[in-house]
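S.K.: Fold the following for me, if possible:
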Amino acid sequence: MFGTIKQVYPSTTFGVELENGHEVLAHIAGRLRRHHIKLLLGDRVELEISPYDLTKGRIIYRYRAGEARRSSAAPA
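M.R.: Down below sits the predicted model:
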């Protein structure tokens, strides 16, 4: 899913508004923590939604300004 960061909470948790208008609570994936990727209000992000609780997710990618979306198909 794709969304925009709308709110920043303590301990690297974010309120993200999805493209369909829903809001989810998301935390940062370990890869983003390891590479010290900074997330700010208004950043466009890609996230995984939990299949058990549709109000929670994990941010897996931050898009740079003007960057096109990544292809979801795996390379062959």
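
S.K.: Outside of stretch 4-21 itself, which residues are in contact with it?
M.R.: The contact list for stretch 4-21 (CB atoms under 8 Å, 6 or more residues apart in numbering) reads 1-3, 23-28, 33, 39-45, 47, 57, 59. For the C-beta atoms, the positions are set from N, CA and C on the backbone; glycine is no exception.

S.K.: Show me what the mean pLDDT comes to for stretch 29-42.
M.R.: If you average the pLDDT over stretch 29-42, you get 91.

S.K.: so who does the residue nearest the centre of the chain touch?
M.R.: Nearest residue to the geometric centre of the chain (CA atoms, centre = their mean): Ile59, 3.2 Å. Counting by CB under 8 Å, 6+ apart, Ile59 makes contact with Phe14, Val16, Ala26, His27, Ile28, Ala29, Leu32, Leu39, Val45, Glu46, Leu47.

S.K.: Show the buried residues in these.
M.R.: Buried subset of the contacts of Ile59 (neighbour count, 16 or more other CB atoms under 10 Å): Phe14, Val16, Ala26, His27, Ile28, Leu32, Leu39, Val45, Leu47.
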